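Trainee: sequence-free structure coming up:
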């Protein structure tokens, strides 16, 4: 290992940066993604098309993106954090005006060769912007309520835009991911309590702004058996598939419920159910353990970072990743409403894959540049 | 720097809190997973099985019905229909246009097809047309390459090779109606047909068999993925009728010359119905295929009632054929067969006159002559001596006035009046004059052709209370030699002297120069028949008419003409077959009914040798002698 003093003095060369990448984390990511390929192969009844092969290509692109992001100097990320955030906001607005409607929601922009979902990028961009903002503040500034107006706006604008699309799941994820950064930055707990209280009073008002299908989903979640053939069908079928998997599962590609299409969206939102049906409790807990290790990696990286920006980015990305995993798995097990969030690294989907990989890229970037100190305004020292 | 330090400290603490929260939530997921996959595993496994396994009923093939020799009378034939599977068709509209041009005109209902296509799921076949002709099938086959998603399906439909010949006995099958539903799910299968009449109805449950089922794995939209298990069920039982389909056809051809008639030929010892025809008949195949409204209306409105089985549901005044019963009652009451009555053509009772059919009378008549020449006055005399109750009682013993609980459900009981009956029905006492009318088979007396055949059989078979049988029992292929013996029927308790006396007279009816059915006799002495003619009035003949001369039947409207009846048996030496013929409004029994009966008995006897060699039951050669199997 390079001694601490050396790290201060020596600028990081590309080779050293590559050396610095925590390859064990990369290996873990590849492992989880590999499980995803296997599940997509199974979802297509033992075929690489249409999902597994495409997902592999995307993962390859994602890996390159991840390494690329990791190698870029963290100060550059800090410098352009607002710009990136601004660009994603423009993309989100673009959805508003020129979005493609799919399945009743306007979430995508057609780039001709590729449909992108700006709400995915927002999650990362928001973490960057918030980290940069809080990086500048010291602990006394944070206790001043006025300083919280800007970051609240940073969260509030994309939240509102995404809610309009409508994409309740992503909107809540933005809210909670942003909240985690607030929390890690040291915002007083009573202020959270206040926000929660205000939010709670706003729920009845907000309820009326929800689309009827969103209301239906929440109602159905509260009593899933009330409409077993309608909106509760997905949750019920998911629980049946998962529960029937038992301890060791039915075996790879033997999941009857998923393969007979009782399971909706088995290649995306409900892919964990298929895994749990085919590999049982053992498989489900195994994947959950891998995710836990990934999250712990993120926390460890955050704790090792000497810059506040790095810390906040790492913890923000980690928590966002955690939320993805938690909400998706809790959803398929009937613990939270069906909100339509993919399972990171496993579910089929391009933008989500790139977002997650970009997040890990930032995480590794924080690790590589863990000893880089940055001034309040973002210039490296 | 201290600020930075404290900021870092706060961060570390908060990061630890966040991580703790994450771990706790993940642990919660793990617990939930344990709950669902281990604790609730059995429940969800059951639900999963129910989810993916679908039970489909397999309609069992309907049992075949054959005549006594195994000749088919109701079979299942393949029925071709063309179906379209939407998801396999590129352009539904164009395909339908092509199909319409290939199918025979009239069988193509575009609105119905489009409605079905819309309603069903894309992979469910929709029937375009049923009962395809061979030409249609071949045209479709030739054009198959241009018709993706169109296929020809083979179904089963009921077919009656004899058509209308045995339509009333066979009945028919038709679509299940609302009131037929018993909860048996097989009835709810599309296209399932059940027996609606005749044998098809009476033995419906046995013919239907037991539905099989196929356990198929289905996906969430109900598409079959594969078959897991299959239980073929049980095909319906085969039923052998006592009918001789050749004799049946022969009888139907004879009766077809009349507007409306019925005939029954039965074996006098076993009760086996060899032929039962009601004419006109109907085409039972039309019901299997699904009858059109106008076809049905035509059948219902036809004045000759083709849907009614007149052999068992037609109730006719038996006319002079009833004299058999009266003669037996008189002989049993001890009346001397040689005592004579002088027939002047009329009998006076109080201020009423009862005429003989022969206007100027028969002169002196004993019982032989009275039967032979059908002298009404002689029987008026017997009636007065006997009273209605003794006649009625004898009629009951001979099988009249009640149902045999025969396999055909629309069987009617006829009517044998008695004093008690009249009191109960009309609340009036019985009049003597009514006894006179009853004695010549008129008035209240009503009988079905089947009853008349049974009456004749009971007389000539040695006085056994034979009942009609329509089912060959036991089935020959699983029965031993013993079971071919004539079944034991109770004795009707009529003395042999009485029976032989009446039979001698019936012999004379046909074979005596003065007999009323002389013209219809069977000339081969080994096959000679005996019998009794009957002509029954449909309406009362008024005094004015009688004075002005009774109008000839041919001059009256059809509905007012007399019914012609004949009951007979053969051979006279050792009676084997009994026959009853009724020609509705046919005029005289001797002219319209006797020739038919004669032809039937002759044919029945001719066929008996064929029957003896046939693979079915061989026991027609007589009750006394045991038949050898096969």
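Mentor: Now that the structure is in, tell me what you want to look at. For clarity, every value in this text was computed on a predicted model and none was experimentally measured. Residues are numbered from 1 along each chain as shown, chains lettered A, B, ... in the order given.
Trainee: nearest residue to residue B:392 in space, please, no chain neighbours.
Mentor: residue B:418 (4.1 Å; C-beta to C-beta, 6 or more residues apart in numbering or on different chains). Placement of C-beta: from N, CA and C, glycine included.
Trainee: by proximity to chain A, which residue of the stretch 251-400 of chain B wins?
Mentor: Closest contact between the stretch 251-400 of chain B and chain A, by C-beta to the nearest C-beta, is at residue B:290 (34.5 Å).
Trainee: contacting residues for that residue?
Mentor: Contacts for residue B:290 (C-beta atoms under 8 Å, 6 or more residues apart in numbering or on different chains) come out as B:130, B:174, B:175.
Trainee: closest one of those to residue B:446?
Mentor: Lowest distance from residue B:446 to the contacts of residue B:290 (C-beta to C-beta) belongs to residue B:174, with 30.6 Å.
Trainee: show the secondary-structure elements that the helix or strand that closest one falls within is packed against.
Mentor: Residue B:174 is part of strand B:173-175, with elements assigned from DSSP states H and E. Where contact means 3 or more C-beta pairs under 8 Å, 6 or more residues apart in numbering or on different chains; DSSP states H and E, strand B:173-175 is packed against strand B:193-195, helix B:284-289.
Trainee: remind me which residues of chain A are low pLDDT?
Mentor: Applying pLDDT under 70 to chain A flags residues A:1-11, A:103-105, A:112-113, A:217-218, A:220-232, A:376-381.
Trainee: so for it, the centremost residue is which one?
Mentor: Nearest to the geometric centre of chain A sits residue A:321, at 4.0 Å (C-alpha atoms, centre = their mean).
Trainee: tell me which other helices or strands the one helix or strand that one maps to touches.
Mentor: Using DSSP H and E, residue A:321 sits in helix A:308-332. Judged by 3+ C-beta pairs under 8 Å, 6+ apart, helix A:308-332 is in contact with helix A:74-79, helix A:118-136, helix A:168-185, helix A:271-304, helix A:350-368, helix B:2-34.
Trainee: distance check, the closest residue to chain B within the stretch 201-350 of chain A against residue A:261.
Mentor: As assessed by C-beta to the nearest C-beta, chain B sits closest to residue A:243 within the stretch 201-350 of chain A, at 2.7 Å. To residue A:261, residue A:243 is 18 Å away according to C-beta to C-beta, to the nearest Å.
Trainee: out of those two, which sits in the more crowded spot?
Mentor: Using other C-beta atoms under 10 Å in any protein chain shown, the more surrounded residue of residue A:243 and residue A:261 is residue A:243, with 28 against 16.
Trainee: shouldn't that one be within a helix?
Mentor: Yes. Assessed with DSSP: H, G, I helix; E, B strand; the rest coil, residue A:243 lies in a helix.
Trainee: pretty sure it is touching residue B:43, no?
Mentor: Yes. Using C-beta atoms under 8 Å, residue A:243 is in contact with residue B:43, at 6.9 Å.
Trainee: which parts of the helix or strand hosting residue A:191 are buried?
Mentor: Secondary structure from DSSP H and E places residue A:191 in helix A:189-209. By 16 or more other C-beta atoms under 10 Å in any protein chain shown, the buried positions in helix A:189-209 come out as residue A:195.
Trainee: show me where the stretch 151-300 of chain B has helices.
Mentor: Here the stretch 151-300 of chain B has its helices, by DSSP state H, counting those that start in this stretch, at B:167-170, B:198-202, B:204-208, B:245-255, B:284-289, B:293-301.
Trainee: mind putting those into JSON lines with mean neighbour count and mean pLDDT?
Mentor: Output for these, formatted as JSON lines (neighbours: other C-beta atoms under 10 Å in any protein chain shown; pLDDT from 0 to 100):
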{"stretch": "helix B:167-170", "mean neighbour count": "28", "mean pLDDT": "93"}
{"stretch": "helix B:198-202", "mean neighbour count": "23", "mean pLDDT": "91"}
{"stretch": "helix B:204-208", "mean neighbour count": "19", "mean pLDDT": "89"}
{"stretch": "helix B:245-255", "mean neighbour count": "22", "mean pLDDT": "94"}
{"stretch": "helix B:284-289", "mean neighbour count": "21", "mean pLDDT": "84"}
{"stretch": "helix B:293-301", "mean neighbour count": "11", "mean pLDDT": "86"}
